[in-house]
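Asker: Can you look at this prediction? I've put the sequence above it.
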Amino acid sequence: MAKVKYYYDPENLAFTKIKTKKGKKIGVILLFLAASALFGFLCFVALLNTPFFETPKDRLQAREIEYMKMQYDVLNRKSALMEEALNSVEERDNNVYRTYFNSVPITDEQRKAGFGGVNRYKSLENFDNSELVINTTKRLDVLSKELVIQSKSLDEIAKLAKDKAKLLTAIPAIQPVKNEDLRQVASGFGYRSDPFTKIRKFHAGMDFSARTGTPIYATGDGVVTVADANSSGYGNHIVIRHGYGYETLYGHMSKYKARAGQKVKRGDIIGYVGSTGRSEAPHLHYEVHKNGTVVNPLNFYYGNISAKEYVLISKLANQENQSLD
């Protein structure tokens with residue numbers, strides 16, 4: 001039963017019943033209904049954000065998120081293994097391969113450069129798992145860049161190895177006349193007595209005394225640039241350009257077996273011992289040039305003689321005797 005309200009009327013000296021206007025009643029009822037609806041809506045929203053009120057779709061999304069986190073964890077563990085393997089390759093690259101080929105190592109700054117400055121992961125921010133996604137993405141980006149750099153480095157090492165192999169075949173590393181064909185090493189590199197003037201002068205090569213017609217061998221791979229008798233004193237001679245700054249000269253030949261422009265391999269017969277030009281007896285005059293400077297051929301005979309033979313030749317070559325040209 002509704003509560004009846006009165007007010008005191010001083011004119012009539014009596015209590016008079018308060019009559020509520022119909023419009024006011026309706027306003028109160030509407031206000032009550034609106035407040036009730038708002039309260040109900042807020043309670044509904046609160047329930048939606050609690051684990052006690054999950055729809056099948058919410059549960060499916062929660063499972064997908066947990067699965068995603070697990071996959072990111074697996075991806076991070078695999079990335080760690082890849083980083084460990086890559087670090088091992090990088091260490092061998094710098095400390096073994098590049099050391100062997102006398103190449104400058106790649107620094108860590110060069111391998112990991114390019115990830116400062118601009119925030120390239122801004123689009124991944126402001127999500128529930130942004131930190132996990134950003135860290136994993138950045139880790140994969142760094143790993144990808146390091147792999148690209150290491151791949152290029154290995155390509156460079158492969159090229160260096162190929163060049164090294166060419167260098168090793170180009171170096172004049174054998175005697176131009178075989179030991180079994182030698183009479184003796186008549187004269188070595190350095191100051192010797194001239195056979196014609198008897199004056200002591202610099203002898204720019206080594207003289208190998210042998211019978212006329214004894215085969216002469218190319219001491220390294222290269223291209224014959226000269227095969228003629230136009231140079232004063234050398235008679236019939238051949239010059240081979242080996243590359244990498246190396247050239248060899250073979251003088252006083254009886255005849256050639258190679259021509260200018262011909263490619264030769266180490267051990268190929270290029271001519272035969274003779275005594276043409278300024279020569280006192282049949283022999284081969286042999287010179288080695290490095291970057292335009294004549295050097296001692298004795299330093300290069302490691303490709304076809306033993307240590308004992310090298311010591312013997314060294315003793316003979318270092319004697320200050322008379323040269324044959």
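Answerer: Sure, I can see it.
Asker: Any stretches of this structure with poor pLDDT?
Answerer: Using pLDDT under 70 as the threshold, the predicted model of the chain has low-confidence ranges 1-9, 15, 17-25, 44, 46-55, 102, 114-118, 184-186, 190-198, 302-325.
Asker: May I see the domains of it written out as residue ranges?
Answerer: 72-112+121-170, 179-318 (the TED database).
Asker: quick one, which of those domains is packed in tightest?
Answerer: Relative to the other members of the domains of the chain, domain 179-318 carries the highest mean neighbour count by mean count of other C-beta atoms under 10 Å, namely a mean of 18. Glycine gets a C-beta too; all of them are placed from N, C-alpha and C.
Asker: who are the neighbours in contact with Leu249?
Answerer: Gly205, Tyr234, His237, Ile238, Val239, His285, Tyr286, Glu287, His289 (C-beta atoms under 8 Å, 6 or more residues apart in numbering).
Asker: and it, what helix or strand is that in?
Answerer: In this structure, Leu249 sits in strand 246-256 according to DSSP states H and E.
Asker: now the following helix or strand past that strand, how far from the centre of its chain.
Answerer: Per DSSP H and E, strand 246-256 leads on to strand 263-264 as the next helix or strand towards the C-terminus. From the chain centre to the centre of strand 263-264 is a distance of 32 Å (C-alpha atoms, centre = their mean, to the nearest Å).
Asker: Could you list every helix and strand that strand 263-264 packs against?
Answerer: Other helices and strands packing on strand 263-264, by 3 or more C-beta pairs under 8 Å, 6 or more residues apart in numbering; DSSP states H and E, are strand 222-228.
Asker: so what secondary structure elements neighbour the strand it packs on?
Answerer: If you count contacts as 3+ C-beta pairs under 8 Å, 6+ apart, strand 222-228 packs onto strand 236-243, strand 246-256, strand 263-264.
Asker: in its sheet, what does it sit against?
Answerer: Strand 222-228 sits in its sheet next to strand 236-243 (antiparallel), strand 263-264 (antiparallel), going by DSSP bridges.
Asker: As a markdown table, the ones you listed with distance to Arg92 would be great.
Answerer: Formatted as a markdown table, the entries for the strands paired with strand 222-228 read as follows, by distance: least, C-beta to C-beta, whole Å:
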| stretch | distance to Arg92 |
| --- | --- |
| strand 236-243 | 29 |
| strand 263-264 | 36 |
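Asker: for these, which one sits closest to Tyr100?
Answerer: Closest to Tyr100 of those is strand 236-243 (C-beta to C-beta; 20.4 Å).
Asker: contact partners of that closest one?
Answerer: For strand 236-243, using C-beta under 8 Å, 6+ apart, the contacting residues are 166-167, 170-172, 218-229, 231, 247-256, 258, 264, 270-271, 274, 276-277, 285.
Asker: tilt between that strand and strand 246-256?
Answerer: Orientation note: strand 236-243 sits at an angle of 150 degrees relative to strand 246-256 (axes from the mean of the first three to the mean of the last three C-alpha atoms, to 10 degrees).
Asker: so where's the longest helix in this protein?
Answerer: Using DSSP state H to assign secondary structure, the helix with the most residues in the chain is helix 130-170.
Asker: helices or strands up against it?
Answerer: With contacts taken as 3+ C-beta pairs under 8 Å, 6+ apart, helix 130-170 sits against helix 56-92, helix 108-111, strand 236-243.
Asker: any idea how far Ile106 lies from Tyr97?
Answerer: When distances are taken as C-beta to C-beta, to the nearest Å, Ile106 and Tyr97 turn out to be 11 Å apart.
Asker: A strand includes Val288, no?
Answerer: Yes - with DSSP: H, G, I helix; E, B strand; the rest coil as the criterion, Val288 is assigned to a strand.
Asker: do you know how far the closest residue to it other than its chain neighbours is from Ile270?
Answerer: With C-beta to C-beta, 6 or more residues apart in numbering as the measure, Pro297 is the residue that lies nearest to Val288, at 4.6 Å, once sequence neighbours are left out. Noted for Pro297: a distance of 16 Å to Ile270, by C-beta to C-beta.
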